[in-house]
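[1] Dropping a prediction and its sequence here:
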Amino acid sequence: MVPAPPIPMLDLTRSDETLKRKITGAVAEIWPAVESFEKAFARELGVEHAVFVSSGTDALLVALIALGVSPGDEVITSPFTFFASASTVARLCARPVFVDIEPGSFNLDASRLEGAITPRTRAIQPVHLYGQCADMETILEVAKRRKIPVLEDACQAVGAAHQGRAAGSMGLLAAFSFYPTKNLGAAGDAGAVTTNDDALAELVASLRVHGSPHTYHHERVGGNFRMDALQAAVLSAKLPWLAVWNERRRALAARYAELLAGAGRVRLPAEASGNRHVYHQYVVRVPNRDAVRARLAKDGISTAVFYPVPLHLQECFRDLGYREGSFPEAERAAKEVLALPVFPELSDEEVERVSASLLAALA
Ligand SMILES: *Cc1c(COP(=O)(O)O)cnc(C)c1O
């Protein structure tokens, strides 16, 4: 018998030939691409402005600079996310203040938010992890009452929505990543800041080019956060497919849920009410995660762990004073999460094989 071919976590080579030809064509006409793509992306999300930048990390950084985050300020975020959500705060000599997560959604537990606010809190930065929005209704209510701006880390959630509002359209500012593995991926690094505020959009655009709206006259210290036009050309060709791809991710998630239903020892991802989850990752919780993972690997199935170490326990953040036990839900999630393959080109048959292998591993 021929062994079944391996199933990768993600396979960027499967994107279709017609699209590849389109991209090649688009690359030939890249020059006006950044500005026209900014408009198209803003329209897609229903926001006033999108300012394209060099990466998702730089989108967070430039948004924090635009909010005036300065040494000694505090920015509240989740301890269970990609490093850049907190490292950008630290790079401005400000302090990331973590709030534990809600175990069902893996997102910042909004009921604990108010307790973390101090007179130094300069911004609240929820992360829409794995493609699902945080509890923005509660977060926006607290932020409004306490008069603190909200910066959404929407890097994993392009196309997601909360109560009919697009991820990245709810806070004062939002950051997106177009890293190739994200739901809308460029051919290299790229990102965006979105906002409905005209003055902030102008400020971010100026910070993107060294705070210099007029060449060689610098009003403030920014950086080189430009996105290159090649990425804009690639993204322009892909944007019309985003909704279709996200629908396919949702269909794959529904299929996983069907196939894995009733298996006692696995906890499936839950879509919170009012949320449209776009499954950047399909993440289950299993008790004996590393053994399960090894068993799937034996069947040729790639999986991943996002993230094995919560940010408050990272070596570089030791001087923040957190320790083991500071955020029990984030710590438990780090031990239990397992991301299964999910990407638009994954076949139904592959989902069935992954599910069968997972069920066998749990038996
Ligand atoms: C990917 C990601 C980022 C950083 O984006 P890059 O484009 O890789 O710099 C930030 N936050 C989260 C939650 C991400 O997933």
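    Now that the structure is in, tell me what you want to look at. Residues are numbered from 1 along each chain as shown.

[2] what does the stretch 51-200 of the chain have sitting close to the ligand?
    55-57, 81-82, 84-85, 127, 153, 155-156, 177, 179, 189, 191 (Cβ under 6 Å from any ligand atom). Placement of C-beta: from N, CA and C, glycine included.

[3] Break down this structure into its helices, ranges please.
    17-28, 33-45, 56-66, 84-91, 136-146, 198-208, 229-238, 242-260, 289-298, 328-336, 348-362 (DSSP state H).

[4] The residue in the stretch 201-350 of the chain positioned nearest to the ligand - nearest residue in space that isn't next to it in sequence?
    Across the stretch 201-350 of the chain, the shortest distance to the ligand (Cβ to the nearest ligand atom) belongs to His280, at 7.6 Å. With sequence-adjacent residues excluded and distances taken as Cβ to Cβ, 6 or more residues apart in numbering, His280 is closest to Gly131, at 3.6 Å.

[5] pretty sure that neighbour is in contact with Val278, am I right?
    Yes. At 4.1 Å, Gly131 counts as touching Val278 under the criterion of Cβ atoms under 8 Å.

[6] and for these two, which residues touch both?
    Common contact partners of Gly131 and Val278 (Cβ atoms under 8 Å, 6 or more residues apart in numbering): Ala157, Ala160, Asn183, Arg249.

[7] For the third one, grab phi and psi.
    Translated: Asn183. In terms of degrees, to the nearest 10, the main-chain angles of Asn183 are phi -60, psi -30.

[8] what number of residues lie near it?
    Look at Asn183: counted by other Cβ atoms under 10 Å, it has 23 neighbours.

[9] For it, list the residues it contacts.
    By Cβ under 8 Å, 6+ apart, Asn183 lies in contact with Gly131, Gln156, Ala157, Val158, Gly159, Leu242, Trp245, Asn246, Arg249, Val278, His280.

[10] Turn those residues into a markdown table, columns for distance to Ile65, neighbour count and pLDDT.
    Listed next are the contacts of Asn183 as a markdown table, based on distance: Cβ to Cβ, whole Å; neighbours: other Cβ atoms under 10 Å; pLDDT from 0 to 100:
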| residue | distance to Ile65 | neighbour count | pLDDT |
| --- | --- | --- | --- |
| Gly131 | 27 | 30 | 98 |
| Gln156 | 22 | 26 | 98 |
| Ala157 | 22 | 31 | 98 |
| Val158 | 23 | 27 | 98 |
| Gly159 | 27 | 23 | 98 |
| Leu242 | 28 | 17 | 97 |
| Trp245 | 32 | 19 | 98 |
| Asn246 | 31 | 22 | 98 |
| Arg249 | 33 | 23 | 98 |
| Val278 | 28 | 26 | 98 |
| His280 | 26 | 26 | 98 |
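
[11] Test my guess that Ala63 contacts Gly191.
    No. In this structure, Ala63 is not within contact of Gly191 by Cβ under 8 Å, at 10.1 Å.

[12] what about those two, which has more around it?
    Shown here are Ala63 and Gly191; by other Cβ under 10 Å, Ala63 has more neighbours (31 against 27).

[13] Now do the more buried one, the pLDDT please.
    Ala63 carries a pLDDT score of 98 in this model.

[14] same deal with Gly262?
    Looking at Gly262, the pLDDT reads 83.

[15] what's the distance between it and His128?
    Remark: distance between Gly262 and His128 (Cβ to Cβ, to the nearest Å) = 29 Å.

[16] Can you name the residue of the chain nearest the ligand?
    Gly56 (2.3 Å).

[17] Name the nearest residue to that residue, ignoring sequence neighbours.
    Counting by Cβ to Cβ, 6+ apart, Ser177 is the residue found nearest to Gly56 once chain neighbours are left out, at 2.5 Å.

[18] Is it possible to get TSV of the contacts of Asn183 that adds distance to Thr118?
    TSV is the format used below for the contacts of Asn183 (distance: Cβ to Cβ, whole Å):
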residue	distance to Thr118
Gly131	31
Gln156	28
Ala157	28
Val158	32
Gly159	34
Leu242	39
Trp245	41
Asn246	38
Arg249	39
Val278	34
His280	32
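
[19] ok, Ala339 - contacts?
    Counted by Cβ under 8 Å, 6+ apart, Ala339 has contacts Met9, Gln281, Tyr282, Val283, Thr303, Ala304, Val305, Phe306.

[20] and if you look at Ile148?
    Ile117, Thr121, Arg122, Ala123, Ile124.

[21] so the second one makes contact with Val69?
    No. Using Cβ under 8 Å, Thr121 and Val69 do not qualify as a contacting pair, with a distance of 10.4 Å.

[22] more neighbours, the two?
    When Thr121 and Val69 are compared for neighbours, Val69 comes out ahead with 25 against 18, by other Cβ under 10 Å.

[23] ok, the more buried one touching Cys93?
    No. Counting by Cβ under 8 Å, Cys93 is not a contact partner of Val69; they are 9.1 Å apart.

[24] Show me which residues of the stretch 201-350 of the chain sit near the ligand.
    Close to the ligand, as judged by Cβ under 6 Å from any ligand atom, the stretch 201-350 of the chain has no residues.
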